[in-house]
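>>> Here is the input, now give the coordinates:
(one chain, ligands or ions: 2)
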Amino acid sequence: MAMAPPVPAALSPVAIGGYPAGSRRFAERIGCFPLQALVPTSHDQSSATAPVLPVAMARAAAAAIACTLAARRDSRHSSGRSPQPGLRSFRPPGSGVGGFPERRLAAGKDDTTGVPQVLLGHDGSPEAAQYLGALQSRGLQGPGCELLSPLGVPSILPADVNQTGEALGRVFALLPGGRLLAGIDAKSWTLEPPCNGTGHEWSMWDYYMSLLGDRWWDAYAWEYWRFLRPASPERRCALYGPGGAEGGALAPRPSSCSQESEWWAVDGTADVVASMLAQHGLCVLDDFLPHDVAAAVASSARAAWRSGRMASGVLSTGGRFARGDSVLWVNTQDPASAAAVGGAAPQDGQASAAAPELKPVLESIDRLVGDVLAPRLDCDSRLRRVRTRSHAMFTCYPASSPEVKESLGAEGASQSSSSTQSVMQGPALGSGNGFSRGYLRHLDNVRNLDGGQDCGRVLTTILYLNEDWQESHGGALRLFETSTSLQVRAEVLPRLNRLIAFWADEVPHEVLLPRGRDRFACTFWYLDREADPASLAFEKAPAAAAMASAGSMFLD
Ligand SMILES: O=C(O)CCC(=O)C(=O)O
Ligand SMILES: [Fe+2]
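Numbers count the residues shown, from 1 in each chain. Ligands and ions are numbered 1, 2, ... in the order given. Here you go, the predicted model:
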């Protein structure tokens, strides 16, 4: 992989634009590019390894922006109002439409010499002009910085948007080495990571993909890498112990409990496990089950995969590229009756196969949730409201071929000049065909997000099923902090008989690409809604237990 050219000192530390909180919907409305507009800054740990957006792509994206702006301008002129962002209105770059000065962009295209050269453009709005002026006064000036402004494109923003004071215009820039900076301009110049694992984010990338074809991946990866931050020292120390490595066991079985099969339910240990969930939003238990129980489930999952019964994971919104797993919903008993209601094919979440080996697993996980966690987290009303459990979902993330070019993975990270920074794998995407083989950052329940639907999921629990899984096999579950989307909270390898539990509505996470091995897991969700064809009553539900101890006559 080509190293990113050194960041010219003249460009640092200037940050351009970014999405202020709340502007995301607006971004969708005008079909903006989700690239953050920024220049590497001194506090950016990853800039040394941030890949360069390929020049060809930067040019394509810039031309696409210009085309979109021009198309809007034309249609505003003809219809008198601004159209919705139209994916179809895009004309391929190079067609010379849109009045974008290709000539000028070309001047920046082979600037890998380190001579600062920044080409800037904006949509002609006074705010954007002012914004650029301010940038220039902060160092973006001189012979290396050429202003392409205005482009003759009037502001695309409808008056009501201006009144919100959020979004003011648009600026884009082509930086040395082909970095394209584009974004919605706003009053705030704060740098904010672009996304928090929402469907909105995925729709944006869908849009982006429709503009850029397969090259969208470069942009995604670029932006991802740009913002990715390793877990904070405090979190690492609390989760893994001093000097502990990511991917290790978080709550190892104490040797004094070695004879217990449910060692985690023993009083002192149970307290540790519950406080881990309370403090960190997740808990991880190694040797969760007797080894042969876990091994039986693992072979059942592998058999399901080999038999071809697993189907591609389903997403309800956006993100055609977002997940690369195959899944099979299973139940402990013959699911035919649930699956074949009215002869219809089973829906997402409805079991379509029986896996009797799951019975002891379910009993243990129910015990963990109902008897260990719920009573100890009594002050957290989320667990008290749990009533049902989803069917179990077997997943397989098929191995990416060893030669998958992970241009943003360990190879890129190892070029980091910082010895304190760990080598971190790139985003959950396979390169080349633009499709994920992992699962891009998401939340299992988006109910806390603006306009997000509540799917009832409270706690996600996953049992991993891969014997001898090493770090070199990739495939970690990467969990992020809640509010800072690319700040890593923890990374957990999918080792056989490891159980993880985390809050479904609070912990964004992604599955990184497995390398050279298929990756198997079994997931259950605990829900705060009534049983339906995709879920079963959870007998150890804290609410039920409380009623039982109170001798409620309504308990059935
Ligand atoms: O398998 C994993 O580690 C996580 C999968 C996941 O995030 C999901 O299915 O929602
Ligand atoms: Fe998930």
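>>> quick one: low-confidence ranges for the stretch 251-400 of the chain?
251-260, 314-321, 334-346, 400 (pLDDT under 70).
>>> same thing but 90
The model of the stretch 251-400 of the chain has pLDDT under 90 over residues 251-262, 266-269, 272, 286, 308-356, 378-382, 384, 398-400.
>>> List, one by one, the residues from it near ligand 1.
Neighbours of ligand 1 within the stretch 251-400 of the chain, by Cβ under 6 Å from any ligand atom: T395. In this view, the C-beta of every residue, glycine as well, is placed from N, C-alpha and C.
>>> any chance you could map the strands in the stretch 251-400 of the chain?
282-285, 311-312, 326-331, 353-354, 388-390, 392-397 (DSSP state E, counting those that start in this stretch).
>>> Out of those, flag the one nearest E506.
strand 282-285 (9.4 Å; Cβ to Cβ).
>>> helices or strands up against the closest one?
helix 267-280, strand 488-492, strand 499-503 (3 or more Cβ pairs under 8 Å, 6 or more residues apart in numbering; DSSP states H and E).
>>> hmm, try it at 6 Å
helix 267-280, strand 499-503 (3 or more Cβ pairs under 6 Å, 6 or more residues apart in numbering; DSSP states H and E).
>>> CSV please, covering the strands of the stretch 251-400 of the chain and showing mean neighbour count.
Below are the strands of the stretch 251-400 of the chain laid out as CSV (neighbours: other Cβ atoms under 10 Å):
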stretch, mean neighbour count
strand 282-285, 25
strand 311-312, 12
strand 326-331, 22
strand 353-354, 18
strand 388-390, 23
strand 392-397, 25
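>>> between those, which gets nearest to V272?
Per Cβ to Cβ, nearest to V272 of the strands of the stretch 251-400 of the chain: strand 282-285, 8.7 Å.
>>> can I have the closest one written out in PDB, keeping just the CAs?
What follows is strand 282-285, C-alpha atoms only, in PDB (Å, rounded to 0.1, in the frame of the first residue of the first chain):
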ATOM      1  CA  LEU A 282     -20.700  -5.500  28.000                       C
ATOM      2  CA  CYS A 283     -19.500  -8.600  29.800                       C
ATOM      3  CA  VAL A 284     -17.500 -11.500  28.300                       C
ATOM      4  CA  LEU A 285     -17.200 -14.900  29.900                       C
END
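>>> what residues does it touch?
Strand 282-285 has contacts (Cβ atoms under 6 Å, 6 or more residues apart in numbering) with 250-251, 264, 273, 276-277, 492, 499-502.
>>> do the same with stretch 495-508
With Cβ under 6 Å, 6+ apart, stretch 495-508 has contacts from 196-197, 281-289, 294, 441, 443-445, 447-448, 457-467, 469, 479-480, 482, 492.
>>> For stretch 374-392, measure first residue to last.
Counting by Cα to Cα, to the nearest Å, you get 20 Å between the two ends of stretch 374-392.
>>> now do stretch 285-297
Counting by Cα to Cα, you get 17 Å between the two ends of stretch 285-297.
>>> about what we covered before: okay, the helices and strands packed on strand 282-285, which one's buried deepest?
Sort those by mean neighbour count, taking mean count of other Cβ atoms under 10 Å, and strand 499-503 sits at the top with a mean of 23.
>>> ok, what's across the strand from the nearest residue to W305 once chain neighbours are set aside?
Among residues not flanking W305 along the chain, C396 sits closest, at 4.5 Å (Cβ to Cβ, 6 or more residues apart in numbering). Residues in a beta bridge with C396, per DSSP bridges, are S326, F520.
>>> From ligand 1, how far out is F524?
For F524, the distance to ligand 1 equals 11 Å [Cβ to the nearest ligand atom, to the nearest Å].
>>> ah, wrong one, I meant G268
Taken as Cβ to the nearest ligand atom, the span from G268 to ligand 1 is 28 Å.
>>> same question, V507
10 Å.
>>> for the stretch 401-550 of the chain, what spans make up the helices?
Assigned by DSSP state H, counting those that start in this stretch, the stretch 401-550 of the chain shows helices spanning 410-413, 542-549.
>>> Identify the residues contacting L479.
Applying Cβ under 6 Å, 6+ apart, we find L479 in contact with 489-490, 507, 509.
>>> Take these and write them to a markdown table, including pLDDT and neighbour count.
Below are the contacts of L479 laid out as a markdown table (pLDDT from 0 to 100; neighbours: other Cβ atoms under 10 Å):
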| residue | pLDDT | neighbour count |
| --- | --- | --- |
| R489 | 89 | 22 |
| A490 | 90 | 28 |
| V507 | 91 | 20 |
| H509 | 89 | 27 |
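>>> Pick the one among those residues closest to ligand 1.
Ligand 1 lies nearest to H509 out of these, by Cβ to the nearest ligand atom, at 5.5 Å.
>>> wait, what's in contact with A278?
Contact analysis of A278 by Cβ under 6 Å, 6+ apart lists L377.
>>> if we can go back for a sec, make JSON lines from the helices and strands packed on strand 282-285 and add distance to R235 to it.
Compiled in JSON lines, the helices and strands packed on strand 282-285 are given as follows (distance: least, Cβ to Cβ, whole Å):
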{"stretch": "helix 267-280", "distance to R235": "7"}
{"stretch": "strand 499-503", "distance to R235": "14"}
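>>> which one of those lies closest to A351?
Using Cβ to Cβ, these put strand 499-503 closest to A351, at 20.5 Å.
>>> between that closest one and helix 267-280, how many degrees?
50 degrees (axes from the mean of the first three to the mean of the last three Cα atoms, to 10 degrees).
>>> Just checking: what are the partner strands of strand 499-503?
Short version: by DSSP bridges, strand 499-503 pairs with strand 282-285 (antiparallel), strand 457-464 (antiparallel).
>>> Any chance of those strands in TSV with distance to A301 as columns?
Formatted as TSV, those follow (distance: least, Cβ to Cβ, whole Å):
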stretch	distance to A301
strand 282-285	19
strand 457-464	10
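>>> What is the burial count for R385?
R385: 16 surrounding residues under other Cβ atoms under 10 Å.
>>> Check the gap between the closest residue to it other than its chain neighbours and ligand 1 for me.
Distances taken as Cβ to Cβ, 6+ apart put D528 closest to R385, at 4.0 Å, once the chain neighbours are dropped. D528 sits 17 Å away from ligand 1, going by Cβ to the nearest ligand atom.
>>> Distance-wise, check D528 relative to A296.
Distance of D528 to A296, computed by Cβ to Cβ, to the nearest Å: 31 Å.
>>> Same list, the contacts of L479, but as JSON lines with distance to A374 please.
Converted to JSON lines, those look like this (distance: Cβ to Cβ, whole Å):
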{"residue": "R489", "distance to A374": "23"}
{"residue": "A490", "distance to A374": "22"}
{"residue": "V507", "distance to A374": "18"}
{"residue": "H509", "distance to A374": "22"}
